[in-house]
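# How does the following fold in three dimensions:
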Amino acid sequence: MKPFTISLCMIVKDEEKYLEKCLNSVHHMVDEIIIVDTGSSDSTLDIAERYKAKIFHFNWIDDFSVARNYSIAQATSDYILIMDADEYLEKDVNIFDDLKSSKDFYINRIKNYTENGVPSYHEAIRLFKNNIGLSYYGRIHEHLDLEGKNYSHAFSNILINHIGYKNEVLTEKNKTQRNIELLLNEVAENPSGYSYFNLAKQYMFMGELDKALHYFKESYYLSKNQYYLSDLLYHMVETLYKLKRYEDGIKVVTEAIGLFPLKTDLFFIKAKIFEELGFLEEAESLFKKCLSLGEVEHTSTREGVGSYLAHYYLSEVYQKQGKKLEAVEALFFALREKKNFPAALYSYIELLTTVNIPSEEIKRYLSAIYPITNQEEYSLLIKILYQLRHPLLIEYLEMYHNSNDQFLLAIAKQMNKQYREAYQIWNQLEAIKSEQIDDVIMLSLLLEDVTLLNKFRSSINVSDKERKILV
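Numbers count the residues shown, from 1 in each chain. The predicted structure is shown next:
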């Protein structure tokens, strides 16, 4: 028998693409599912009904906190779990392991997947007791009102995955425009440090850096004792970095480190500024400091600043210093920390090739640091070998009996100096891609043969005079 009952409370609108994954990850652990729909016109509610959700219709009034409070008012369980449709839990998690301590609320770690492949983390209260007076405030980025209240709490072991910051999701749901309108209204009605902070982050995301910096400064004046201050200072420095205002960035980050000497993210962004300025010894020292501090827990952070990203950027510094062996070693450590790290894998193979390590030796190194265990890993390696035009491409294609992609096979044969075989494959193709034009031109030069240039004339777009010069 469960020690407590749990109500999952959600606000949705047109979430057919994401809701199934969310509910499938959590439905077996909750006693009821409360769905507050603000006007779906797709199959969202059909999906909710399959999971026996209690569905309530709510007229949207541009205020997330009102809709959120309406959802928890419908809950009948001991605890309330808050999730959005573009979130999901990992497999094999058990919420009841947290609830053994019977705290009033639990702080969950949220993993935000981003377009650049490097997740960020923040923390939020997502699991709390019902009927103890907790309610939400704020039009957007709504938070529970804890002011002046003495509730017991603990950190949850349940990680919530969030894909809502990916470009695909933002575009589909028109989140950017909606968010900026709500945030501007929130600032007009409640000009707090927190509302300025969220508005600044939105402008930063949109690439409007001057506006972002302005509102980060406005937020700072009102937020000197707030829990989000370290993240505010990080984002302010990051904005200055992107604006190439490096001197100002160093000044702010140095003061921030004085306030938060254990926040790895601050040392990381300071290291990047010093690297950009060419102060390589200082950058090297700071990236090593990041590694000694390690990853940050129980606060907002970017994944990898105390592990694989620090190793990767340290390798960049080493390369600029001419320390190629140290750079290779740093990339090895980066891949050991995060195997599927495309930039590190690319640089690792490229650097080994640059220092004249034989292909067979590189293959042996790869088998140690990058053993292929699934299709995703294989595809990433093939993609990188293709981008590098590396001789090992043909070996990995043949090793895994993957010769169906004629473009890949043509380039692989060409890089392996099997020019006639490459020519025959190219000649069988009807068209080529823009990134393959240089390969065709190079092969034509090597074979002193204009046949391929003539065949792909419309793609290559060279004049008769240029064609004669080429061959």
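
# Okay, helices next: where are they in the stretch 101-250 of the chain?
167-172, 175-189, 193-205, 209-221, 229-242, 246-259 (DSSP state H, counting those that start in this stretch).

# what about residue 420, distance to residue 410?
For residue 420, the distance to residue 410 (C-beta to C-beta, to the nearest Å) stands at 12 Å. Every C-beta, even on glycine, is put in place using the N, C-alpha and C of the backbone.

# and those two? which has more neighbours close in?
With neighbours defined as other C-beta atoms under 10 Å, residue 420 and residue 410 compare such that residue 410 has more, 25 against 9.

# dump the residue contacts of that one.
Residues in contact with residue 410 (C-beta atoms under 8 Å, 6 or more residues apart in numbering) are 422, 425, 426, 429, 439.

# got the contact list for the nearest residue to it once chain neighbours are set aside?
Spatial nearest neighbour of residue 410, excluding adjacent residues (C-beta to C-beta, 6 or more residues apart in numbering): residue 425 at 4.0 Å. By C-beta under 8 Å, 6+ apart, residue 425 lies in contact with 406, 409, 410, 413.

# In a markdown table: the residues you listed, plus pLDDT and secondary structure.
Compiled in a markdown table, the contacts of residue 425 are given as follows (pLDDT from 0 to 100; DSSP: H, G, I helix; E, B strand; the rest coil):
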| residue | pLDDT | secondary structure |
| --- | --- | --- |
| 406 | 84 | helix |
| 409 | 86 | helix |
| 410 | 85 | helix |
| 413 | 86 | helix |
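
# on that earlier part again, please list the members of the contacts of residue 410 that lie in helices.
422, 425, 426, 439 (DSSP state H).

# doesn't residue 414 make contact with the first one?
Yes - contact status for residue 422 versus residue 414: in contact at 3.9 Å, counting by C-beta atoms under 8 Å.

# what touches both of those two?
residue 443.

# tell me the domain boundaries of this protein?
As given by automatic domain parsing, the domain ranges for the chain are 6-172, 401-471.

# residue ranges with poor pLDDT in the stretch 51-200 of the chain?
166-174 (pLDDT under 70).

# at 80 what do you get?
148, 165-174 (pLDDT under 80).

# Can you tell me the closest non-neighbouring residue to the most centrally placed residue in the chain?
Centroid-nearest residue in the chain, with C-alpha atoms, centre = their mean: residue 114, separated by 2.7 Å. Excluding the flanking residues, the one nearest residue 114 by C-beta to C-beta, 6+ apart is residue 165, at 5.4 Å.

# how far away is the one you found from residue 202?
Counting by C-beta to C-beta - residue 165 and residue 202 are separated by 11 Å.

# Residue 224 too?
Distance, residue 224 to residue 202, using C-beta to C-beta: 22 Å.

# Over to the nearest residue to residue 58 once chain neighbours are set aside: give its phi and psi.
Nearest-residue entry for residue 58: residue 36, 5.0 Å, with adjacent residues in sequence omitted and distances by C-beta to C-beta, 6+ apart. The phi/psi pair for residue 36 (degrees, to the nearest 10) reads phi -100, psi 110.

# Next, count neighbours for residue 36.
Neighbours of residue 36 (other C-beta under 10 Å): 22.

# Surely it and residue 72 touch.
No - counting by C-beta under 8 Å, residue 72 is not a contact partner of residue 36; they are 9.5 Å apart.

# Which neighbours do these two have in common?
With C-beta under 8 Å, 6+ apart, residue 36 and residue 72 have common neighbours residue 9.

# follow-up on the earlier one: max pairwise distance over the ones in helices among the contacts of residue 410: which two?
Taking C-beta to C-beta, the two most distant members of those are 425 and 439; they sit 11.1 Å apart.

# Now stretch 115-135: buried residues?
Within stretch 115-135, the residues that count as buried by 16 or more other C-beta atoms under 10 Å are 118, 119, 120, 121, 123, 125, 126, 127, 128, 129, 130, 134.

# From those residues, which land in strands?
Among these, the members falling in strands (DSSP state E) are 120, 121, 123, 125, 126, 127, 128, 129.

# List the beta-bridge partners for the last one.
The one in question is residue 129. residue 79 (DSSP bridges).

# Hmm, residue 105 and it touching each other?
Yes - counting by C-beta under 8 Å, residue 129 does reach residue 105; the two are 6.9 Å apart.

# Tell me how many other residues crowd residue 429.
If you count neighbours by other C-beta under 10 Å, residue 429 ends up with 16.

# And the pLDDT at it?
In this model, residue 429 is scored at 86, pLDDT.

# Give me the nearest residue to it, chain neighbours excluded.
Nearest to residue 429 is residue 406, by C-beta to C-beta, 6+ apart, at 6.1 Å.

# show me what contacts the one you found?
The neighbourhood of residue 406, defined by C-beta under 8 Å, 6+ apart, consists of 425, 428, 429.

# Excluding chain neighbours, what is closest to the second one?
Beyond its immediate neighbours in the sequence, the residue positioned closest to residue 428 (C-beta to C-beta, 6+ apart) is residue 406, lying 7.0 Å away.

# and what of residue 268?
residue 305 (4.1 Å).

# roughly how far apart are the residue nearest to the centre of the chain and residue 275?
In terms of C-beta to C-beta, residue 114 sits 22 Å off from residue 275.

# and if you look at residue 379?
Taken as C-beta to C-beta, the span from residue 379 to residue 275 is 31 Å.

# So for those two, which residue has more residues nearby?
residue 275 (20 against 12).

# Tell me which helix or strand comes right after whichever strand or helix holds that one.
In this assignment (DSSP states H and E), residue 275 forms part of helix 264-277. Counting by DSSP H and E, the next helix or strand C-terminal to helix 264-277 is helix 280-293.

# contacts for the helix or strand just after that next one?
Note on helix 280-293: by DSSP H and E, the next helix or strand toward the C-terminus is strand 301-302. Contact with strand 301-302 is made by 118, 119, 120, 121, 263, 264, 265, 268, 295, 309, as judged by C-beta under 8 Å, 6+ apart.
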